[in-house]
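Trainee: Everything below, folded, please.
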Amino acid sequence: MARIAFIGLGNMGGGMAANLAKKGHDVRAFDLSQDALDKARAAGCLPAASAVEAVDGAEAVITMLPAGRHVEATYTDVLLDHAAPGAILIDCSTIDVDTARRVAQAATERGLIAVDAPVSGGIAAANAGTLTFMVGGTEQGFGRAEPFLADMGKAVIHAGASGAGQGAKICNNMILGATMVATCEAFALAEKLGLDAQRFYDIASVSSGQSWSMTSYCPVPGVGPESPADRDYQGGFAAPLMLKDLKLALEAAASVGAQVPMGTRAEELYQAFVDGEGAGLDFSGIIKTFK
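Mentor: Numbering: from 1, shown residues only. Have a look, this model is predicted:
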């Protein structure tokens, strides 16, 4: 088993670090929140007083942070100078492609190996150890990172060179945002046409309109498998995080001249939802927009 530094113990990182500890790794965990550190200790991790202390002697350093600026600051201020020679740096945050490439290049220039490895699956999968990881980096970097990621997930896929993991993540979540909007407006229309929600689900879930948003995360309470809709849209994947990912997708599209009209409209709708009643709700709560 390995010594692993884990920086960022939020809703996702806390569960991920706990699963590494369950696998027998020596996890040195750091977060700015004392509550998060206390939870990490209870889960079998050893809390560190600073990020520098956490990375000391670690074979692998995993970061799970809110945005690109936090990742870049952590690499610049801590990892590039204090990570052990030969350590593998794994960033599981969802950030912009350019920052992912920039920190990986900076690591290479210091003789370190870095990969971007954003996740899909949400809080439940983070806690259950069933995340999907999309990895950007060299073959060597992927090979080094894969065993650690496999201890936190069900699938670890090499997407390509540095930044490719982030590219895959934001493209995937642009699909998710757009299909959730389409699913919500379809259920709202079906209701107004006099269709029973369960009967419409029974039909669409086995027809060409089927999607993950419908059959795994249905936005209608009491329909399909349990989802945040059954908890008044609490928990799950917060609407502001979906908005963040859609904005990253639009920024990436603009940088390469790609047309993303569905992604653009989804971003507009989620912006309006978050600005209104959706700031504290799961992203499937956008169905309220169509009621």
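Trainee: what residue ranges in the stretch 151-291 of the chain score low on pLDDT?
Mentor: Along the stretch 151-291 of the chain, the model assigns pLDDT under 70 to no residue.
Trainee: Would you state the strands of it in chain order?
Mentor: With DSSP state E, counting those that start in this stretch as the criterion, the stretch 151-291 of the chain has strands at 153-160.
Trainee: ok, which stretches of the stretch 51-200 of the chain are helices?
Mentor: Along the stretch 51-200 of the chain, the stretches classed as helices by DSSP state H, counting those that start in this stretch are 51-55, 68-74, 80-82, 97-109, 122-128, 139-150, 164-192, 197-204.
Trainee: can you tell me which residues contact Ala48?
Mentor: Ala5, Arg28, Ala29, Phe30, Ala54 (Cβ atoms under 8 Å, 6 or more residues apart in numbering). (Each C-beta comes from the backbone N, C-alpha and C, glycine too.)
Trainee: Disregarding residues adjacent in the polypeptide, which is nearest to it?
Mentor: For Ala48, ignoring the flanking residues on the chain, the nearest one in space by Cβ to Cβ, 6 or more residues apart in numbering is Ala54 at 3.8 Å.
Trainee: Asp77 now?
Mentor: Excluding the flanking residues, the one nearest Asp77 by Cβ to Cβ, 6+ apart is Ala51, at 8.0 Å.
Trainee: How much space separates the one you found from Phe133?
Mentor: Noted for Ala51: a distance of 22 Å to Phe133, by Cβ to Cβ, to the nearest Å.
Trainee: Looking at these two, which one has more neighbours?
Mentor: Applying other Cβ atoms under 10 Å to Ala51 and Phe133 shows that Phe133 carries more neighbours, namely 28 against 22.
Trainee: Quick check: Ser55 touching His82?
Mentor: Wrong residue type there; residue 55 is Val, not Ser. Yes - in this structure, Val55 is within contact of His82 by Cβ atoms under 8 Å, at 5.3 Å.
Trainee: The two - which one has more neighbours?
Mentor: More crowded of Val55 and His82, by other Cβ under 10 Å: Val55, with 27 against 18.
Trainee: what's the more buried one in contact with, if anything?
Mentor: Ala5, Ile7, Arg28, Val61, Val78, Leu79, His82, Ala83, Ala84, Ala87 are the contacts of Val55 under Cβ under 8 Å, 6+ apart.
Trainee: Ok, Glu267 next?
Mentor: Counted by Cβ under 8 Å, 6+ apart, Glu267 has contacts Gly177, Leu243, Leu246, Lys247, Ala249, Leu250.
Trainee: Find the nearest non-adjacent residue to the first one, please.
Mentor: By that I understand Gly177. With sequence-adjacent residues excluded and distances taken as Cβ to Cβ, 6+ apart, Gly177 is closest to Ala266, at 4.3 Å.
Trainee: Right, I'll call it a day here.
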